[in-house]
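1. With the input below, show me the fold.
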Amino acid sequence: MTTQTANRTSSLNAAKAAKNDEFYTQWADIEREVNAYLEFDPDVFRGKIVLLPCDDPEWSNFAKFFALHFVDYGIKKLISTSYAPDSNPAVFSYEPTLFEVNDPRFDATKTRVNGKKFTLEPNDINADGVINIDDLQWEYLDGDGDFRSAEVTALRDEADIVITNPPFSLFREFLTWIQQGQKQFSIIGNENAIAYKKVFRLIKNNEVWKGATANSTDMVFGVPKGSPIKEADRLKAEKLGYPSDEERDYTRLGNSCWFTNIEHGRRHEPLQLMTMADNLKYNKKLVTTFDGGSDYQRYDNFDAIEVPYTDAIPSDYDGVMGVPITWLAKYNPEQFEILGTDETDYEPTKVYRAKSKVVNGVPRKSNTGSGGGYIRTESFGDGTYFDVGYPVKRMYKRIFIRHRKAAS
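-> Model prediction:
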């Protein structure tokens, strides 16, 4: 392979990865989440400086949304930054908008290699009697607008609240960047980020929690034309009212959710639960999963019971329970205590030094080790099991919790 070919391949791979990272949030999802914060505290944004990094008002619904509500939310200052087109591999062709071209500050070079900063303050600049997106002031940044740059970090330090949909591949780095500034925030990420050690520890310590809409509501995102998306997700987005258009395709991401440290009332709503006996008798999903068993299953390598569904958490069990990560959408910190996950913080009772895999009754090669929580079974049935001297089956990403004891 020639150097030129290798460089082109590298560029195409980078572009493909970047396109997979470009998800444009829809207005309805922003509105739904922000309304939950306002229901809990109508003054949550009043007198605050709000920063929207990675959000160009020419296409970002975040910038348009907060500009529209600038006055009624009582925002002190709104700052939005954009990323330079030439620094973004997902941008194959770029044409500046008429908004920029017709401005005396337009620079044909800077429009490609520099990011932009947009600022809205309580000044009716165009004297039309309202303060909105038409009163935005803009300028070129010195750099490309990367959130990790010194100038965007300085804007973070100036702000009170940071809200955006960062690139999913940089989620951990972006969250660390916000944490270093000790800011309030609300950002969109992949639910699987919960399993990252740093993210989980923040959740466990009640420093970060899921947003009000969590992952219980379908979220639709616009993506660059030509991005690889599943046909089923494209059709679901279309059914939800987002057919492909000339500018973008649309996809539904079922595992996306909001992460925040802004309070909302839904995380303090107690989860209504049945007793263990009633679950085993009346919870149809649980009865089917346990094949009519007379008790909850226990992990083979953790001192805890397996609870495969959030609505199957028993109200009268005082011990440790392993629950799916989707339970966090219903997590009430006054009702439950988080102890750890099947890979972090909560110690297993045994470690499998080696294991072999059996898929649908056929032995397969497997790695050694024992990450995760395993349930002992009677035989190697359909699906994937592991042989550690007897058959066990791994449960997918469990969080270990227990009820908080009522104050006496």
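2. So residue 392 lies in a helix, does it not?
-> No: in this structure, residue 392 is strand, not part of a helix, as judged by DSSP: H, G, I helix; E, B strand; the rest coil.
3. Which residue, other than its chain neighbours, is closest to it?
-> residue 374 (4.0 Å; Cβ to Cβ, 6 or more residues apart in numbering). For every residue, glycine as well, the C-beta is placed using N, CA and C.
4. Identify the bridge partners of the one you found.
-> residue 394 (DSSP bridges).
5. is it true that it touches residue 386?
-> Yes: contact criterion Cβ atoms under 8 Å: residue 374 and residue 386 qualify, at 6.9 Å.
6. quick one, which of the two is more surrounded?
-> The neighbour comparison of residue 374 against residue 386 (other Cβ atoms under 10 Å) goes to residue 374, with 25 against 21.
7. That one and residue 80, how far apart?
-> 48 Å (Cβ to Cβ, to the nearest Å).
8. Same check on residue 186?
-> Computed with Cβ to Cβ, the distance linking residue 186 and residue 80 is 15 Å.
9. quick one on the thing from earlier: so what sits against both of residue 374 and residue 386?
-> Residues within reach of residue 374 and of residue 386 at once, by Cβ atoms under 8 Å, 6 or more residues apart in numbering, are 352, 392, 393, 394.
10. In the residues you listed, which residue is surrounded by the most others?
-> residue 392 (21 neighbours).
11. That residue against residue 385, yeah?
-> Yes: counting by Cβ under 8 Å, residue 385 is a contact partner of residue 392 at 6.7 Å.
12. Common neighbours of these two, please.
-> residue 377.
13. re earlier: would you mind measuring from the residue nearest to residue 392 to residue 106?
-> Taking Cβ to Cβ, one finds residue 374 at 62 Å from residue 106.
14. Residue 52 too?
-> 22 Å.
15. Over to residue 136?
-> From residue 136 to residue 106 the distance is 15 Å (Cβ to Cβ).
16. Neighbour count for the two, which is higher?
-> Set side by side, residue 136 and residue 106 show more neighbours around residue 136, with 18 against 13, by other Cβ under 10 Å.
17. The more buried one reaches residue 117, doesn't it?
-> No: with contacts counted by Cβ under 8 Å, residue 136 stays clear of residue 117, the gap being 10.1 Å.
18. just how off-centre is stretch 295-311 within its chain?
-> 26 Å (Cα atoms, centre = their mean, to the nearest Å).
19. could I have it exported to PDB, CA atoms only?
-> C-alpha atoms of stretch 295-311 as PDB (Å, rounded to 0.1, in the frame of the first residue of the first chain):
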ATOM      1  CA  ASP A 295     -37.600 -18.400  45.100                       C
ATOM      2  CA  TYR A 296     -35.400 -15.800  43.500                       C
ATOM      3  CA  GLN A 297     -32.200 -17.100  41.900                       C
ATOM      4  CA  ARG A 298     -28.900 -16.400  43.600                       C
ATOM      5  CA  TYR A 299     -25.600 -15.600  41.900                       C
ATOM      6  CA  ASP A 300     -23.000 -18.300  42.000                       C
ATOM      7  CA  ASN A 301     -20.200 -15.800  42.500                       C
ATOM      8  CA  PHE A 302     -21.800 -12.900  44.400                       C
ATOM      9  CA  ASP A 303     -23.700 -12.800  47.700                       C
ATOM     10  CA  ALA A 304     -26.900 -11.400  46.100                       C
ATOM     11  CA  ILE A 305     -30.200 -12.400  44.500                       C
ATOM     12  CA  GLU A 306     -30.800 -11.900  40.700                       C
ATOM     13  CA  VAL A 307     -33.600  -9.500  39.900                       C
ATOM     14  CA  PRO A 308     -33.900  -9.400  36.100                       C
ATOM     15  CA  TYR A 309     -36.600  -6.700  35.900                       C
ATOM     16  CA  THR A 310     -36.900  -3.400  37.800                       C
ATOM     17  CA  ASP A 311     -40.600  -4.100  38.600                       C
END
